[in-house]
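Sequence and predicted structure, then a few things I'm wondering about:
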Amino acid sequence: MPFPDKSFDTGLLFYTLHHAQDPGRILDEASRVLRNNLIIIEESDFPETDHEDEMVKELMVYQALGLSPEFHHNRLSNPELEVLLTRNNFRVELKRDLSSRTTRRVQKVLYIINLSVKAAGKVDSWVRNL
């Protein structure tokens, strides 16, 4: 991203990482340009999901929307995402399951990551009330 280091107080990744070929690179850049907080809202399949059936449905949606079948979609499981966050030295200050009202049965999770060493362990009250 064409921004200097620590340019922004807070960033939001809203259903982004599962479309990235290299989600770790996105997290690296977020860490570089953010001073304080990273908010991630991401979805993942439940372990019992029939992935082959879901892939066929998604390809039909891609075709209907005019997207290439190669459109990248790599849904991370919650444990995979948490390993990725740990590997990138992100400490999750708050994790909350969110309700899902989609036709596809998925898990939606909110992560709040505090990037500021001085503020470690301190999450604003508005975040705690989500």
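Now that the structure is in, tell me what you want to look at. Numbering: from 1, shown residues only.

Going by C-alpha atoms from here, please, whenever you check contacts or count neighbours.
Noted.

So for the longest helix seen in the chain, mean pLDDT?
What stands out as the longest helix in the chain, according to DSSP state H, is helix 51-65. What helix 51-65 shows for mean pLDDT is 75.

Kindly report the same for stretch 68-84.
pLDDT averaged over stretch 68-84 gives 77.

Give me the secondary structure label for the residue nearest to the spatial centre of the chain.
Taking Cα atoms, centre = their mean, the centroid of the chain lies closest to Glu42, which sits 3.9 Å from it. Following DSSP: H, G, I helix; E, B strand; the rest coil, Glu42 is assigned to strand.

Am I right that Asp97 is in a strand?
Yes: according to three-state DSSP, Asp97 belongs to a strand.

can you pull the contacts of the residue nearest to the centre of the chain?
Neighbouring residues of Glu42 by Cα atoms under 8 Å, 6 or more residues apart in numbering: Leu13, Phe14, Tyr15, Thr16, Leu17, His18, Lys108, Val109, Leu110.

hmm, who's touching the helix or strand Tyr111 falls within?
Here Tyr111 is covered by strand 106-114, with elements defined by DSSP states H and E. Strand 106-114 is contacted by residues 36-46, 90-100, 120-121, 123 when judged by Cα under 8 Å, 6+ apart.

How many residues are close by Asn36?
When neighbours are counted by other Cα atoms under 10 Å, Asn36 registers 19.
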